[in-house]
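Undergrad: Got a predicted model here, sequence first, then my questions.
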Protein chains: 2
Amino acid sequence: MSILVQKFGGTSVADAEKVHRAARRAIRAKLEGYQVVMTVSAMGKTTDQLVALANEINSTPPKREMDMLLTTGEQVSISLMAMAIAAAGHEAISFTGGQIGMLTDAAHTKARIHSIDAKRIHEHLNAGKIVIVAGFQGVTQEGAITTLGRGGSDTTAVALAAALGAEICEIYTDVDGIYSTDPRVVPQARKMAEISYDEMLELASLGAGVMHSRSIEFGKKYNVPIHVRSSLTDSKGTMIVAETKGMEDVVVRGITLKRDLARVVLTSVPNRTGIAADIFARIAKHRVVVDDIIQNVYEHGHGANIGFTTTGADVDEAATICEEIAKDLGIKSIEVDKKVAKVSVVGIGMKTHTGVASKMFGALAAARVNIQNISTSEIVISCVIDEKDGEEALRTLHTAFGLDNNDNHA
Amino acid sequence: MSILVQKFGGTSVADAEKVHRAARRAIRAKLEGYQVVMTVSAMGKTTDQLVALANEINSTPPKREMDMLLTTGEQVSISLMAMAIAAAGHEAISFTGGQIGMLTDAAHTKARIHSIDAKRIHEHLNAGKIVIVAGFQGVTQEGAITTLGRGGSDTTAVALAAALGAEICEIYTDVDGIYSTDPRVVPQARKMAEISYDEMLELASLGAGVMHSRSIEFGKKYNVPIHVRSSLTDSKGTMIVAETKGMEDVVVRGITLKRDLARVVLTSVPNRTGIAADIFARIAKHRVVVDDIIQNVYEHGHGANIGFTTTGADVDEAATICEEIAKDLGIKSIEVDKKVAKVSVVGIGMKTHTGVASKMFGALAAARVNIQNISTSEIVISCVIDEKDGEEALRTLHTAFGLDNNDNHA
């Protein structure tokens, strides 16, 4: 009998009616012949409320205790889900992470899964029950309760699917799939029928964040097909799968825009070995988030400009740190631009196609969008641009790479 | 080093400020040289809210899932308490029932404790930490989460004190001790410095419910001194201890009034063997709560009146059942009185003193309170009376047995 893992996010279990709806979906899958394992997140805004409660008591709560606190949210959801299934006349049983041996390391608030005791789950599935597992949480070898980081319920679901040999892992959410770009900005955005793990990883990390990155890595590692779909409708969503030959025919699959970035450039940095390490060690010590780093050397390698992007929230601190660094290292000046965005094209087809970069730069130039920084990786090309040009760049590139869905076009 | 167990009820951890206050109390005990173990209940009305949430989803939720749900309340409290202690610069660690091996039977929603793994707690105490244990919850041998029934955190605290060989178990609550009677009705009620386990058991079961009965039984069995005291002040409360010779000098220690009772009498019941068993088996089948049962035989043992008291909530159902029973068994008639109360005098001194009953009946007669039923046990004498006479009876008996505290007398 095939096993199906269904994950319901916080918005999909936000109230009693939604819990019942999710329960009905699991029951239907069971009646279709699947053995069903559900993973659920905390209801609605529960996690945020618990964090606020903790901060009322201690502004820097011990991480172990934070995990003890936050895991109650998912424990509430699993018990209610089991009650909803029982109310519909079917058998269900709920388990905390610890109860099904979701063993993790001891890195509280961002633990990594080591193993899952699948035997216990199989026993209950074979007894005809729908098994409900608390998302987001695990337990160390010593029995301490851990969490996998925000959005970790996705990882729980994919890890369960891998451990149980599930046919598929369904992620139910409030969007109906993965789009070629943000449909709120580009109405012609196209829902993708399928996407590779690598492409999804880039889309997730670039801000089109439907899913937790680590869950995609897990899916890739264990080759778990992931179906991202809406909890409100029955329409098919987007399958995240291993890349296939056919996928490469579409060179660029998605365009993303990351807003609220800032760019800091240290100019005329003496180009000696280890200086970049010095600079970024000092920035990291202050916990400033660094997005991209770009270094150009000039004067036959004697001088360099070192730039990086950071978030709008961190830019002032980053600037202060860089001014100190500049003084200490004899760096001439720093430049700060608080209003930048990053537009990226993503597609595994790039691996085997040429001309993607020049097409991108040409399209942006035609739209009179000035490019500040460029960075590339195997399946992504990103340009840092002025923030005010962000949406125009997104629309331009979406059209230029032939992604527009003309059905959506008014 | 002596161990102190401190239990804080829901009202004593209802908000951040109260959590801090409880934390300070534990820290103070630690600075005084104790090893401190805390047990906490769910905050304020949390448990009621969770029950309401469950009932929204399923009017008869599976008990296993109910336990899964309700135990989150205490888990929230322990983590917040640990954060509060950390905020004050001291070390603390929180544990769920399962994590410290609070093994129970599998009777979900009313489990009984089998054993506690004290070793783990001792390790952390010896490492200088304040150990915080979730009240109300345990775990079966198979790892299922159980609860000990409403008010079960008292039992957790006393059981921990027994398992750890604690010097004392402190129960912090919103009253400052155990009174000779309800101070809201009798302003002269006297706070008792000490009381025996047996007396406390009678007072608890008769409605002066400051503590969970089972926790007192536990305290008696393992001879744990229990100190019931206020979480708001530093004044001494009431010690619950094994009975001492001196205690018997006070013949009657407390007077209780149980309201909202109803009395049902089956008259002229054929007095044959097993008929009472028949009657009460049928009543029990309908889950009607029966308080006291009183049977009188007459006609040289050929006829009998069988009466019982039940709660106001159950009386209509009890009456219906009794009418059916009367028809089936050829019983002449039933009488129902919906407005009765039970007044009781309690004291271990009664074991060795005579004349308590006649003094009680005389005092009630002098106050023109008519007695309907009388029942007695070794340390209790109870009279069922008209509900409207309840408070007058309470005051009369409190004075008659010399319990009035004249300091409180305006």
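TA: Everything's here; your move.

Undergrad: At the contact with chain B, which residues of chain A appear?
TA: With C-beta under 8 Å from any C-beta of the partner chain as the criterion, chain A comes near chain B at residues A:16, A:19-20, A:50, A:53-54, A:56-59, A:61-62, A:64-66, A:68-69, A:71-72, A:75-76, A:78-80, A:82-84, A:86-87, A:93-94, A:96, A:98-99, A:143-145. No exception for glycine: its C-beta is placed from N, CA and C like everyone else's.

Undergrad: all strands for the stretch 101-250 of chain A, in order.
TA: For the stretch 101-250 of chain A, the strands defined by DSSP state E, counting those that start in this stretch cover A:103-104, A:113-115, A:130-134, A:137-139, A:145-147, A:168-173, A:194-196, A:226-230, A:238-241.

Undergrad: wait, which of those strands is closest to residue B:280?
TA: Within the strands of the stretch 101-250 of chain A, the stretch nearest residue B:280 is strand A:130-134; the backing value is 40.9 Å (C-beta to C-beta).

Undergrad: Packing partners of the closest one?
TA: Applying 3 or more C-beta pairs under 8 Å, 6 or more residues apart in numbering or on different chains; DSSP states H and E, we find strand A:130-134 packed against helix A:16-31, strand A:35-40, helix A:63-87, strand A:92-95, helix A:118-126, helix A:152-164.

Undergrad: Contacts for the fourth one, please.
TA: Residues from elsewhere that reach strand A:92-95 (C-beta atoms under 8 Å, 6 or more residues apart in numbering or on different chains): A:78-79, A:81-82, A:85-86, A:120-121, A:124, A:129-134, B:64-65, B:68.

Undergrad: pLDDT below threshold where in chain A?
TA: For chain A, the stretches flagged by pLDDT under 70 are A:205-209, A:407-410.

Undergrad: now the helices for it?
TA: Applying DSSP state H to chain A gives helices spanning A:16-31, A:46-57, A:63-87, A:118-126, A:152-164, A:197-205, A:213-222, A:275-285, A:315-329, A:356-366, A:390-400.

Undergrad: ok and the residue in the stretch 101-250 of chain A nearest chain B?
TA: Using C-beta to the nearest C-beta, residue A:143 is the residue of the stretch 101-250 of chain A that sits closest to chain B, at 5.4 Å.

Undergrad: In ChimeraX, select just the buried ones from the contacts of strand A:92-95.
TA: Once 16 or more other C-beta atoms under 10 Å in any protein chain shown is used to decide burial, the buried members of the contacts of strand A:92-95 can be selected in ChimeraX as follows:
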select /A:78,79,81,82,85,86,120,121,124,129,130,131,132,133,134 /B:64,65,68
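
Undergrad: what's the single longest strand in chain A?
TA: Scanning chain A for the longest strand, with DSSP state E as the assignment, gives strand A:254-270.

Undergrad: one step back: backbone phi and psi for the residue of the stretch 101-250 of chain A closest to chain B, please?
TA: When read as degrees, to the nearest 10, the backbone of residue A:143 gives phi 90, psi 0.

Undergrad: pretty sure it is in contact with residue A:98, am I right?
TA: Yes: contact criterion C-beta atoms under 8 Å: residue A:143 and residue A:98 qualify, at 7.1 Å.

Undergrad: more neighbours, those two?
TA: residue A:98 (24 against 14; other C-beta atoms under 10 Å in any protein chain shown).

Undergrad: Tell me, how many residues neighbour the spatially closest residue to that one that is not a sequence neighbour?
TA: Counting by C-beta to C-beta, 6 or more residues apart in numbering or on different chains, residue A:98 lies nearest to residue A:139, which is 3.7 Å off, once chain neighbours are set aside. For residue A:139, the tally of surrounding residues (other C-beta under 10 Å) stands at 23.

Undergrad: and if you look at the one 5 residues further on?
TA: Neighbour count of residue A:144, defined by other C-beta under 10 Å: 19.

Undergrad: contacting residues for it?
TA: A:64, A:67, A:106, A:108, B:99.

Undergrad: Against residue A:98, how distant is the fourth one?
TA: It stands for residue A:108. According to C-beta to C-beta, to the nearest Å, residue A:108 and residue A:98 sit 14 Å apart.

Undergrad: quick one, what contacts residue A:114?
TA: With C-beta under 8 Å, 6+ apart, residue A:114 has these contacts: A:103, A:104, A:105.

Undergrad: at 6 Å instead, please
TA: By C-beta atoms under 6 Å, 6 or more residues apart in numbering or on different chains, residue A:114 lies in contact with residue A:103.

Undergrad: And for residue A:35?
TA: By C-beta under 6 Å, 6+ apart, the contact set of residue A:35 is A:1, A:3, A:125.

Undergrad: Same question for residue A:69.
TA: By C-beta under 6 Å, 6+ apart, the contact set of residue A:69 is A:50, A:54, B:79.

Undergrad: Then residue A:332?
TA: If you count contacts by C-beta under 6 Å, 6+ apart, residue A:332 has them with A:267, A:268.

Undergrad: again, 10 Å this time
TA: A:266, A:267, A:268, A:269, A:270, A:303, A:326 (C-beta atoms under 10 Å, 6 or more residues apart in numbering or on different chains).

Undergrad: Buried ones among those?
TA: Buried members of these, scored by 16+ other C-beta under 10 Å, are A:266, A:268, A:269, A:326.

Undergrad: For the residue of the stretch 101-250 of chain A closest to chain B, which non-adjacent residue is spatially closest?
TA: In space, not counting the residues next to it along the chain, residue A:143 is nearest to residue B:99; the distance is 5.4 Å by C-beta to C-beta, 6+ apart.

Undergrad: what about the one you found, how many neighbours?
TA: 22.

Undergrad: list the contacts for it?
TA: Residue B:99 neighbours (C-beta under 10 Å, 6+ apart): A:68, A:98, A:139, A:142-145, B:78, B:93, B:117, B:120, B:133-134, B:139.

Undergrad: For those, give me a markdown table that also has distance to residue A:161.
TA: Putting the contacts of residue B:99 into a markdown table (distance: C-beta to C-beta, whole Å) gives the following:
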| residue | distance to residue A:161 |
| --- | --- |
| A:68 | 27 |
| A:98 | 20 |
| A:139 | 20 |
| A:142 | 27 |
| A:143 | 25 |
| A:144 | 25 |
| A:145 | 23 |
| B:78 | 33 |
| B:93 | 34 |
| B:117 | 35 |
| B:120 | 34 |
| B:133 | 36 |
| B:134 | 32 |
| B:139 | 28 |
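
Undergrad: Out of those residues, which is nearest to residue A:260?
TA: When the contacts of residue B:99 are compared against residue A:260 (criterion: C-beta to C-beta), the nearest one is residue A:68, at 33.0 Å.

Undergrad: what's the spacing between the closest residue to that closest one other than its chain neighbours and residue A:358?
TA: Sequence neighbours aside, residue B:79 is the residue nearest to residue A:68 in space, at 3.9 Å (criterion: C-beta to C-beta, 6+ apart). Separation of residue B:79 from residue A:358 (C-beta to C-beta): 55 Å.

Undergrad: now do residue A:369
TA: 15 Å.

Undergrad: quick one on the thing from earlier: what comes up buried for the longest strand of chain A?
TA: Buried, per 16+ other C-beta under 10 Å, within strand A:254-270: A:254-258, A:261-266, A:268-269.

Undergrad: What pairs with it, parallel or antiparallel?
TA: strand A:303-311 (antiparallel), strand A:333-346 (antiparallel) (DSSP bridges).

Undergrad: how far does it sit from the chain's center?
TA: Put simply, strand A:254-270 sits 21 Å off its chain's centre (C-alpha atoms, centre = their mean, to the nearest Å).

Undergrad: Can you check what angle separates it from helix A:390-400?
TA: 120 degrees (axes from the mean of the first three to the mean of the last three C-alpha atoms, to 10 degrees).

Undergrad: Could you tell me the angle between strand A:254-270 and helix A:275-285?
TA: 120 degrees.
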